[in-house]
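J.: Sequence and predicted model, in that order:
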Amino acid sequence: APALLLLLLPFLRALGHAQPDCSWCTRGNTFPGCGGAAAGGVEKGRFRLPPPFAFGRRRFPYWRPEGQTPLGHRDANVVLAVLVQHGAARDADDYASYMAGAVAHSGLPAASVMVIGPQFGYKSDPTVDPERDIYWAHHSQFRWNWGGNSSAHLNDSVASFRVLDEIVRTLRDATLYPNLRKIVVAGHSAGGQTVQRYSLFTHIPPDHDEQVGIQYFIANPSSMVYLDATRPVLPANRTCSFCVNTTLLTDKFSFAIPEASACNSTYNMYGYGLEGPVPPYVERMPRAAAIDAFRSRDVVFVSGESDVCNLLFMQEGSCTPGCNPYDALLDKSCEGLAQGYCRKERMHAYVQHLREFYGNQTHALISVPGVGHSGCGIFHSDEFVRAAFSGLTPMPPASPKLTVATDDYTYACIPKDACRERDTKSRSTSPGTVLMGGGADVDAAFKWQISRSDGGNFLVLRESGTDAYNKYIYDFGGVRTAATLILNNREAASDSFVLQAVENAHAIFFAGGDQSKYLERINGTALQDLLRSKVEKVTIGGTSAGCAIQGEWIYSGKYGSAVSDETLEDPYNKYMADFTSDLIVSPSLASAKVITDTHFVVRKRMGRLVGFIARIQADGLSRMRETVRGVGVDQETALLVTSEGKVTVVGDGTAYMCSVPNPGPDRVCEPGTPLTVENISCERLRGYSFDDPKARDLDTFDLYEWKGSGVRYEFDVEDGRIEGNAYGPRD
């Protein structure tokens, strides 16, 4: 045991034994997969703070398991939501991954648990987009883990604790999460400090009358906010057994106001106590009210039994000769040391302080053996999983679905009875197009497409994947059935069952994937002929690859995805190959002479879109003297296009309507030569986050007139370099 090792070290040294192994103190965990690497796939999400905040395009970044429903989107499967707060490294992606591993360990289906890893990042962090994300400052009076406000360089300001409040309020919205029964807010290390201070000062009232309760888990924090001026009375003579993990489990602490020390005037300042200046968010919560509410909150302290290191003391006492145990940046300030010599001692003392302050046991403490300062080890432990996930059962299985599977295709449809029955109603549908830029799906776009189906059958076409869209679409209401048809090969495009399913559809949506596979499996088949006839009758949409196949011209990406820098340097590079035209294009997009691109700003694709257009013109795919146009749609954004060519933008980002005139004498588009294209004109259109498009004035555009209500600008490409701002002037 670590404590026994510390007690025996003097004797081991005297006997000339080899240097001790310090790995127990470095991480102190025995869990596989917890070596610092993320335990599973995660992706970044962006949460729009509601009014009165006015951050413009900026959103609050968070991390979630891959494929999880984005925060703020309806999901009736979720019974538990877990907010997991990162530590000082601001590695929200890793922490979201650790918690996803805990969900797997719990046995609960992943679909029933929503994991959210809020990221209070700095502008320079590699996972922070300084142009689109809300971020915090390195050096400010009150840090993010103390409830401080976002960077003063942004056009608005929000406290980190207010962000957590808004996430909790969103989760408690029964229209979004009708079956949610519990919210867990958990943090480790600096994240544990965050959760401790947040649980004390949150403006969310205690759960007396709430159907969705909140449980706070505070793991291995370096300091906590004491409720009065007392501190644990600690031995003045520190030996190598200053934090013995076996005796700390039963040690009884007494409390008193500290005697004269170097920090007598500061040991009880905010962050460690309740005195002195506090962040504006904390100031709005009266101290007495916060203390009274904290008593009744469901708070669990989680202590890693091996989190007993203090590098300063160990070096001074030569406790671990030959190695320097990692104490994970333990707060070794005078104010921190007044709470205990190591994290384990500080936490056990603090829980006893709460018992003495309130007069009874108010908050739980669980101890995790074999784990030191490891968020992954804590969250994967049986002790944490039992405390956080017990008593929850997943929602009952969804209503049965109709499934038809062959070697050529897979078809899944809900609800089963309606899918089996013939639809005898004559429906009045409206033609149109949805161009979605990938990333999180845009609810408003699907609602618009549903509204044009006259309550009919909604069909998703895929080249691979699952039928996950079915429930998402059906839960919006307003459709008779929701079905997914996966085309496994080209033979599927001539199958009578496939053709009948498409014929019966009143709205059609192409999922993301690989546009080259859509082209291989549909182009020149009976299915293509049918889709071209359907485009005149129903609204057809697509996201990512499903959007890429909607234009007059299509970039297949058959040999890999082109990137802007390589395209500008050589528009004939190996990835810039295999352009085709007119798979299922609508009349308005065909008339506008459009090629589409997606994930536009996030993946910086303006350069490759210009390259697409230049290649179409240079290779004779367009007619002489014909202006070719490009539509670039960013992630979480969609264009709603009517048959009259009227475009409305919804979603969380921007879209770019760009045109390039017929090549002039200065145009250079040749193999192995940097691209030169002059007089590129664009209009930037902005959407709004998942709002009903009728609820406010949104940016619009007319495809036939090629102008709209957005921001117009121009730029050039000279010798492979963009001259000017490719994405327009800043707001």
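T.: Done, it's in.

J.: which residues sit in contact with D327?
T.: Counting by Cβ atoms under 8 Å, 6 or more residues apart in numbering, D327 makes contact with 25, 309-311, 342, 373. Where C-beta positions appear, they are placed from N, C-alpha and C, glycine not excepted.

J.: In JSON lines: the residues you listed, plus neighbour count.
T.: Below are these laid out as JSON lines (neighbours: other Cβ atoms under 10 Å):
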{"residue": "C25", "neighbour count": "28"}
{"residue": "C309", "neighbour count": "29"}
{"residue": "N310", "neighbour count": "24"}
{"residue": "L311", "neighbour count": "18"}
{"residue": "C342", "neighbour count": "22"}
{"residue": "H373", "neighbour count": "30"}
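
J.: Now do the contacts for L249.
T.: So L249 contacts 305, 348, 367 (Cβ under 8 Å, 6+ apart).

J.: What are the boundaries of the strands in the stretch 551-700 of the chain?
T.: 553-555, 579-581, 594-597, 628-633, 637-642, 646-651, 654-660, 677-686, 700-702 (DSSP state E, counting those that start in this stretch).

J.: Could you dump these into a markdown table and include distance to L80 and mean neighbour count?
T.: Below are the strands of the stretch 551-700 of the chain laid out as a markdown table (distance: least, Cβ to Cβ, whole Å; neighbours: other Cβ atoms under 10 Å):
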| stretch | distance to L80 | mean neighbour count |
| --- | --- | --- |
| strand 553-555 | 42 | 25 |
| strand 579-581 | 47 | 15 |
| strand 594-597 | 38 | 26 |
| strand 628-633 | 34 | 27 |
| strand 637-642 | 30 | 27 |
| strand 646-651 | 28 | 24 |
| strand 654-660 | 35 | 24 |
| strand 677-686 | 35 | 21 |
| strand 700-702 | 41 | 18 |
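
J.: rank those by mean pLDDT and give me the bottom one.
T.: Among those, strand 579-581 carries the lowest mean pLDDT, at a mean of 88.

J.: How about residues contacting that strand?
T.: By Cβ under 8 Å, 6+ apart, strand 579-581 touches 519, 523, 552-556, 612, 615-616, 619, 621.

J.: nearest to D582, of these?
T.: E552 (6.1 Å; Cβ to Cβ).

J.: Around the closest one, how many other residues sit close by?
T.: 22 (other Cβ atoms under 10 Å).

J.: got a list of what it touches?
T.: Taking Cβ under 8 Å, 6+ apart, one finds 581-582, 585, 589-590, 592-595 in contact with E552.

J.: one more time with 10 Å, if that's ok
T.: By Cβ atoms under 10 Å, 6 or more residues apart in numbering, E552 lies in contact with 581-583, 585-586, 589-596, 616, 621-622, 628-629.

J.: For the contacts of D327, give me JSON lines that also has pLDDT.
T.: Compiled in JSON lines, the contacts of D327 are given as follows (pLDDT from 0 to 100):
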{"residue": "C25", "pLDDT": "51"}
{"residue": "C309", "pLDDT": "85"}
{"residue": "N310", "pLDDT": "85"}
{"residue": "L311", "pLDDT": "82"}
{"residue": "C342", "pLDDT": "90"}
{"residue": "H373", "pLDDT": "88"}
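
J.: Run a quick neighbour tally on S561.
T.: 12.

J.: Wait, it touches A577, no?
T.: No - S561 is beyond contact range of A577, at 11.7 Å (criterion: Cβ atoms under 10 Å).

J.: which residues do the two both contact?
T.: Y555.

J.: Look at the closest residue in space to G340 that isn't next to it in sequence and give its secondary structure.
T.: Once flanking residues are discounted, G340 sits nearest to R346: 3.5 Å by Cβ to Cβ, 6 or more residues apart in numbering. Of the three states, R346 takes helix under DSSP: H, G, I helix; E, B strand; the rest coil.

J.: ok, R346 - contacts?
T.: 220-224, 232, 243, 303, 307, 330-331, 336-340.

J.: now do 8 Å
T.: With contact taken as Cβ under 8 Å, 6+ apart, R346 is in contact with 221-224, 336, 339-340.

J.: What about the residues you listed, which one has the most neighbours?
T.: That'd be P221 among the contacts of R346, by other Cβ under 10 Å, with 29 neighbours.

J.: Quick check: it touching A186?
T.: No - taking contacts as Cβ atoms under 8 Å, P221 lies outside contact range of A186: 11.8 Å.

J.: Where does the closest residue to V168 other than its chain neighbours fall, secondary structure wise?
T.: In space, and not counting its chain neighbours, V168 is closest to I204: 5.6 Å by Cβ to Cβ, 6+ apart. Secondary structure assignment for I204, by DSSP states H and E: no helix or strand.

J.: hmm, back to that, between the contacts of R346, which is closest to S140?
T.: Distances from S140 to the contacts of R346, taken by Cβ to Cβ, are shortest for S223, at 17.6 Å.

J.: can I assume that closest one is in contact with Y272?
T.: Yes - judged on Cβ under 8 Å, S223 makes contact with Y272 at a distance of 5.7 Å.

J.: Can you work out which residues contact both of these two?
T.: With Cβ under 8 Å, 6+ apart, S223 and Y272 have common neighbours 335-336, 339.
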